[in-house]
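Visitor: here's a sequence, model it:
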Amino acid sequence: MNTKPKRAYLDSMIFIFGRLEECNSRLVLFLAQIGEFEVVTSELVLEEVDRFFRDNFSRQAGYLARRFAEELSTRIVKREEIKTEIKELKGKIKTKDLENLAATRHENLTYLVAYDKDYEEAKIEEYITPKEYIKLFKLKPYKMEY
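Guide: Here you go, the predicted model:
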């Protein structure tokens, strides 16, 4: 691909790892912050980010992490919008990943940026690791995939 992506769906792990470590997920978030691409996410991602930081740090950390994800996102796909896609995809991918893939397809996105072997095993064509996504912007990634 010669052109940089204009929009991408970011999984919750991008927001989690990207806030905690020097890694490719942090570079993905940085690119979004400087306007290199638009972030699409879903209610599920916001809930997972909030829950992770709330459970592992504090209520305030959960709130702040969720607000960060909300503010970085140009589009938050609501569950009610993707009912049709969820029905069509049920049984083709694990339930925990169903909403992410449904939202990605609902928005006609080329990339679902995540670090999750389940997407790879299910041969999801939109799936791309943070490391591979960073390369699309001609940046040198960290060694780890996430």
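Visitor: quick one, strands of the chain?
Guide: 7-10, 38-42, 73-77, 112-113, 127-128 (DSSP state E).
Visitor: pick the most buried one from these.
Guide: Highest mean neighbour count of the strands of the chain: strand 112-113, a mean of 26 (counted as mean count of other CB atoms under 10 Å). C-betas here are computed from N, CA, C, even on glycine.
Visitor: quick revisit: for Val28, find the nearest of the strands of the chain.
Guide: Nearest to Val28 among the strands of the chain is strand 112-113 (6.0 Å), distances taken as CB to CB.
Visitor: so where's the chain uncertain?
Guide: In the predicted model of the chain, residues 1-2 satisfy pLDDT under 70.
Visitor: how about a cut-off of 80?
Guide: For the chain, applying pLDDT under 80 flags the ranges 1-3.
Visitor: still on that earlier bit, quick one: the strands of the chain as CSV, columns for distance to Asp55 too.
Guide: Below are the strands of the chain laid out as CSV (distance: least, CB to CB, whole Å):
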stretch, distance to Asp55
strand 7-10, 20
strand 38-42, 20
strand 73-77, 22
strand 112-113, 23
strand 127-128, 26
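Visitor: hang on, Leu139 packs against Leu27?
Guide: Yes: under the criterion of CB atoms under 8 Å, Leu139 makes contact with Leu27 at 6.4 Å.
Visitor: nearest to Leu98, out of the strands of the chain?
Guide: When the strands of the chain are compared by CB to CB, strand 38-42 sits nearest Leu98, at 10.8 Å.
Visitor: which residues does that closest one contact?
Guide: Strand 38-42 is contacted by residues 6-10, 32, 69, 72-79, 82, 99-100, 103-104, 107, 109 when judged by CB atoms under 8 Å, 6 or more residues apart in numbering.
Visitor: send over that strand as PDB, restricted to the C-alpha atoms.
Guide: Taking C-alpha atoms only, strand 38-42 is exported to PDB below (Å, rounded to 0.1, in the frame of the first residue of the first chain):
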ATOM      1  CA  GLU A  38      -8.900   9.100  12.300                       C
ATOM      2  CA  VAL A  39      -9.700   6.700  15.100                       C
ATOM      3  CA  VAL A  40     -12.900   4.600  15.000                       C
ATOM      4  CA  THR A  41     -13.800   2.600  18.100                       C
ATOM      5  CA  SER A  42     -16.800   1.200  19.800                       C
END
